[in-house]
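1. Need coordinates for the following:
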Amino acid sequence: MRRHELTDQEWELLAPLIPRAATGRPRMEDRQVVNGMVYKIRTGISWRDLPERYGSWQTVYTRFRRYALDGVFTRALQQIQARADAAGDVDWLVQIDSTIVRAHQHAAMTGRKGGSTGRTNRKDHALGRSRGGLTTKIHLACDGKGRPLAILLTPGQRYDSICARPLLERIRVPRTGQGRPRCRPDQVVADKAYSSRSFRAYLRRRGIACTIPEKNDQRRHRHNRGRHGGRPPAFDRQIYRRRNVVERCFNQLKGFRGIATRYDKTAASYEAAVSLASFLLWARSV
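-> Purely as a prediction, here's the structure:
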């Protein structure tokens, strides 16, 4: 095994989820191709610069693009989450946050003539323009042990608070036996960016406890209203101290150079890369 390649344990977890054609001519070995994908995401190099030991770069890219559109790595992430949940290894103290990723100039060429217009890709491809240039924001929900549960990509200028609800609704951990997927955390921990009345009401409707600090202007508004301002929201300082876990999760994801800087043109490809990196984080801990 070379550096930046799958270990035997990681391949054992991923191999059953790789689709295989029943007919057709012999193709390159699946592990060789997936190792090329992992190497590319780890190092952030161009597809054309893949080492020859992974075979033709066109083959590796075509297979990656096919897996991205088919959601192979998303399903692989859900399956390894289900395995950990069945063993009681998932800490459902869920923490949410976001991070901004700079987009390379090569990722901005999605509007060229003949570019991708597939139904699986949004028109903006999760690219936004701000002072720092083109950026993508990764919204992440992780468990109490710092492992990704759900991922949402948006343009870099999108507010965190309006993405909190769709992010939590992406949490779906299947059961290994009968039963519906688990979608509800025991508790949600987030920073002040998520302190909105609508989000707190949404969590109450779903029966989810939360630890979110109150913004200063919200506190002043409540005090100005006197007894009509209502009680302050519950806040546990001891639990909030654990919020650094999601920051450490981002740090591990950005250890992949292809995640720390976005080189993928389409949102589907970049989300597949983040899902594959998330799968590898889980594979190290189960």
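
2. so is Arg102 in a helix, a strand, or just coil?
-> Following DSSP: H, G, I helix; E, B strand; the rest coil, the label given to Arg102 is strand.

3. Equivalent analysis for Arg31, please.
-> Going by three-state DSSP: Arg31 is helix.

4. just checking, what's the longest helix in the protein?
-> Secondary structure of the chain per DSSP state H: the longest helix is helix 267-285.

5. State the mean pLDDT of it.
-> Averaging pLDDT along helix 267-285 yields 95.

6. for the helix or strand of the chain with the lowest mean pLDDT, the distance to its chain's centre please.
-> In the chain, the helix or strand scored least confidently by mean pLDDT, DSSP states H and E is helix 216-224, which has a mean of 79. Helix 216-224 sits 34 Å away from the centroid of its parent chain (C-alpha atoms, centre = their mean, to the nearest Å).

7. quick revisit: for the longest helix of the chain, packing partners?
-> Using 3 or more C-beta pairs under 8 Å, 6 or more residues apart in numbering; DSSP states H and E as the contact test, the elements touching helix 267-285 are helix 8-14, helix 30-43, helix 57-70, helix 72-86, strand 148-155, helix 244-253, helix 257-260. Bear in mind the C-beta positions are built from the backbone N, C-alpha and C, glycine included.

8. Tell me the helix or strand right after the last one.
-> For helix 257-260, the succeeding helix or strand toward the C-terminus, using DSSP states H and E, is strand 261-262.

9. now for that following strand, which elements pack on it?
-> Counting by 3+ C-beta pairs under 8 Å, 6+ apart, strand 261-262 packs on strand 93-103.

10. Show me what the next helix or strand after the strand it packs on packs onto, helices and strands only.
-> Heading C-terminal from strand 93-103, the first helix or strand you meet, by DSSP H and E, is strand 128-130. Here strand 128-130 touches strand 133-142, strand 148-155, going by 3+ C-beta pairs under 8 Å, 6+ apart.

11. Could you work out which of those strands reaches nearest to Ser161?
-> strand 133-142 (10.8 Å; C-beta to C-beta).

12. Cool, thanks, talk later.
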